[in-house]
Structure formats: C-alpha cells, structure tokens
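Participant: Structural data only, the sequence is not supplied:
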C-alpha cells in the first residue's frame, strides 16, 4: 500500500472486478511519484499541490 511521503496518508487502492488484477502496489492517478536519491516516493494529491515547488527543486537538471 502506498503512503504519502509528506503527510503519511495511505492510498486507497482502486477496486477491480477482475480478481486477477493485483492492486497492492497501485497508486491513485492523482498522486505524484518521485525518485529522490534513488528512492521512489509518492505524494498524495493534496500534498503534491501544497509542496509543488519543493518537489520540482529535487528534479535532476536534465529535466529542465
């Protein structure tokens, strides 16, 4: 289960009618995924909006 790196909010995994679809590691589409120092972090939509400048400042220069 995904947990927001800022506030600790747990993601509600999407439900699927197909039992073969695993949603254990799924992150909602509204959440932001970031790789910081080689570690994958996720942020909920509320924290992503609030902390957008902080997230952008961690991007590698090649993305600018």
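Facilitator: Okay, I see it. Fair warning: this is a prediction, and the values are worked out from it, not measured in the lab.
Participant: okay, which residue is most central for the chain?
Facilitator: Of all residues in the chain, the one closest to the mean position by Cα atoms, centre = their mean is residue 42, 2.6 Å from it.
Participant: Parallel or antiparallel, list what pairs with the helix or strand hosting it.
Facilitator: Taking DSSP states H and E as the definition, one finds residue 42 inside strand 39-43. Strands flanking strand 39-43 in the sheet, each with its direction: strand 32-36 (antiparallel) (DSSP bridges).
Participant: Name the surrounding residues that touch the partner strand.
Facilitator: Defining contact as Cβ atoms under 8 Å, 6 or more residues apart in numbering, one finds that strand 32-36 is touched by 5, 27, 40-43, 45, 48, 55, 58. For every residue, glycine as well, the C-beta is placed using N, CA and C.
Participant: who wins for most neighbours among those?
Facilitator: Neighbour counts for the contacts of strand 32-36, by other Cβ atoms under 10 Å, peak at residue 43, which reaches 25 neighbours.
Participant: Verify the contact between that one and residue 54 for me.
Facilitator: No. Using Cβ atoms under 8 Å, residue 43 makes no contact with residue 54, being 9.7 Å away.
Participant: Now do the end-to-end distance for stretch 51-62.
Facilitator: End-to-end distance for stretch 51-62: 21 Å, by Cα to Cα, to the nearest Å.
Participant: Pull out the buried positions in that stretch.
Facilitator: The neighbour-count check on stretch 51-62 (16 or more other Cβ atoms under 10 Å) flags 51, 55 as buried.
Participant: quick one: it to chain centroid distance?
Facilitator: Taking the mean of its C-alpha atoms, stretch 51-62 sits 14 Å from the chain's own mean (Cα atoms, centre = their mean, to the nearest Å).
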